[in-house]
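K.L.:
pasting the sequence and the predicted model now:
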Amino acid sequence: MNKVVKPYKSSKDSKKKQVEEMFDNISSNYDFLNHFLSFGIDNIWRKKTIKVVAEDNPKLILDVATGTGDLAFAAQKTMNPKKIIGLDLSNGMLNIGRTKIEKRKLKDKLEFIQGDSENLPFKDQYFDAVMVSFGVRNFENLNKGISEIFRVLKKNGKIVVLEFSKPKKFPIKQTYFIYSKYFLPLFGSLISKDKSAYHYLPESVEAFPEGPDFLEKLREIGFLNLKLKKLSGGIATIYSGKK
């Protein structure tokens with residue numbers, strides 16, 4: 001069983017509740033910190049992720065753990081599907097995304113709703129594709145979250161997951177360790193005013209069953225045609241599979 005890592009160690013709340021609170025707390029600075037702390041590389045990773053999603057030309061897409069909607073907006077611009085629904089625990093994050101929808105006049109193309117990834121409010125076999133960027137490691141019950149994604153996907157529908165991973169080769173491994181252990185928590189805490197949030201990030205990455213281990217979890221749920229693609233020397237990985 002994988003170690004359960006929570007944002008606030010002194011709190012007795014469930015991981016799910018703590019994750020919701022954490023993202024509400026950092027929502028106002030989240031977009032800036034994402035791009036600043038990744039030196040803008042996160043935008044390149046999302047483009048690569050969307051390229052995998054777009055291979056099957058899906059018309060109805062679910063973006064789980066959408067946050068402020070960065071992946072959803074980029075997918076809409078690149079692919080122009082019929083509709084993308086973004087779901088997240090944090091209303092703080094979603095409200096920022098909803099403001100973007102209004103400004104960009106995309107109400108007919110994008111919809112953001114608050115919801116639980118482990119209890120998706122959609123009927124069986126509803127979506128052509130489900131995508132998740134930097135969200136699955138925040139699931140309280142990873143197997144249940146993946147099972148729900150499987151349930152709402154149509155037959156031959158695709159899951160695409162972008163998630164942090166741990167580089168294995170010198171010097172990226174050593175550089176990433178120093179960055180995630182010291183630089184990221186320091187600057188993330190200073191800017192976001194939430195000391196726990198950016199300490200939780202590297203801890204959650206460390207606990208996540210990455211690479212072949214995550215593919216095995218997808219296989220156990222029933223996904224086929226499984227693939228992974230390492231990005232930036234293994235700092236992030238794109239996983240994909242078919243129902």
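P.N.:
Now that the structure is in, tell me what you want to look at. Numbers count the residues shown, from 1 in each chain.
K.L.:
next, the buried residues of the longest helix anywhere in the chain.
P.N.:
Secondary structure of the chain per DSSP state H: the longest helix is helix 15-37. Judged by neighbour count (16 or more other Cβ atoms under 10 Å), helix 15-37 contains these buried residues: 15-27, 29-31, 33-34, 37. Every C-beta, even on glycine, is put in place using the N, C-alpha and C of the backbone.
K.L.:
then stretch 160-169?
P.N.:
For stretch 160-169, burial by neighbour count (16+ other Cβ under 10 Å) applies to 160-167.
K.L.:
that one: how far from the chain's middle?
P.N.:
Here stretch 160-169 is found 12 Å from its chain centre; the criterion is Cα atoms, centre = their mean, to the nearest Å.
K.L.:
circling back to that earlier point, now, which of the buried residues of stretch 160-169 lie within strands?
P.N.:
Residues of the buried residues of stretch 160-169 located in strands (DSSP state E): 160-164.
K.L.:
just checking the distance from the lowest-mean-pLDDT helix or strand in the chain to the centre of its chain.
P.N.:
Lowest mean confidence among the helices and strands of the chain (mean pLDDT, DSSP states H and E): helix 184-192, at a mean of 72. A distance of 20 Å separates the centroid of the chain from that of helix 184-192, by Cα atoms, centre = their mean.
K.L.:
restricting to C-alpha, output it in CSV.
P.N.:
Extracted in CSV, the C-alpha atoms of helix 184-192 (Å, rounded to 0.1, in the frame of the first residue of the first chain):
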residue,chain,number,x,y,z
LEU,A,184,10.5,25.1,-4.4
PRO,A,185,9.3,25.1,-0.8
LEU,A,186,11.1,28.3,0.0
PHE,A,187,9.8,30.4,-2.8
GLY,A,188,6.4,28.7,-2.9
SER,A,189,5.9,29.4,0.8
LEU,A,190,7.0,33.1,0.5
ILE,A,191,4.7,33.9,-2.4
SER,A,192,1.7,31.8,-1.5
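K.L.:
which helix or strand lies directly C-terminal to that helix?
P.N.:
With elements assigned by DSSP states H and E, the helix or strand that comes after helix 184-192 is helix 197-207.
K.L.:
for that next one, packing partners?
P.N.:
Packing contacts for helix 197-207, counted by 3 or more Cβ pairs under 8 Å, 6 or more residues apart in numbering; DSSP states H and E, involve helix 15-37, helix 184-192.
K.L.:
ok, residues contacting that helix?
P.N.:
Contact with helix 197-207 is made by 2-7, 22, 25-26, 33, 137-138, 164-166, 180-181, 184-185, 187-189, 192, as judged by Cβ atoms under 8 Å, 6 or more residues apart in numbering.
K.L.:
same deal with stretch 17-36?
P.N.:
The set of residues external to stretch 17-36 that reach it, using Cβ under 8 Å, 6+ apart, is 6-8, 11, 13, 42-43, 67-68, 70, 88-93, 95-96, 138, 140, 187-188, 191-194, 196-198, 200.
K.L.:
still on that earlier bit, just the ones in strands among the buried residues of stretch 160-169 now: which is nearest residue 102?
P.N.:
Compare each of these with residue 102 using Cβ to Cβ and the shortest gap goes to residue 162, at 26.1 Å.
K.L.:
could I get the CA-only coordinates of stretch 204-212 as PDB?
P.N.:
The C-alpha atoms that make up stretch 204-212 are tabulated as PDB, following Å, rounded to 0.1, in the frame of the first residue of the first chain:
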ATOM      1  CA  SER A 204       3.400  13.800  -2.800                       C
ATOM      2  CA  VAL A 205       5.700  13.200  -5.900                       C
ATOM      3  CA  GLU A 206       8.000  11.000  -3.800                       C
ATOM      4  CA  ALA A 207       5.000   8.900  -2.600                       C
ATOM      5  CA  PHE A 208       3.400   8.600  -6.100                       C
ATOM      6  CA  PRO A 209       3.700   5.200  -7.800                       C
ATOM      7  CA  GLU A 210       5.300   6.400 -11.000                       C
ATOM      8  CA  GLY A 211       6.300   4.900 -14.300                       C
ATOM      9  CA  PRO A 212       5.500   1.100 -14.800                       C
END
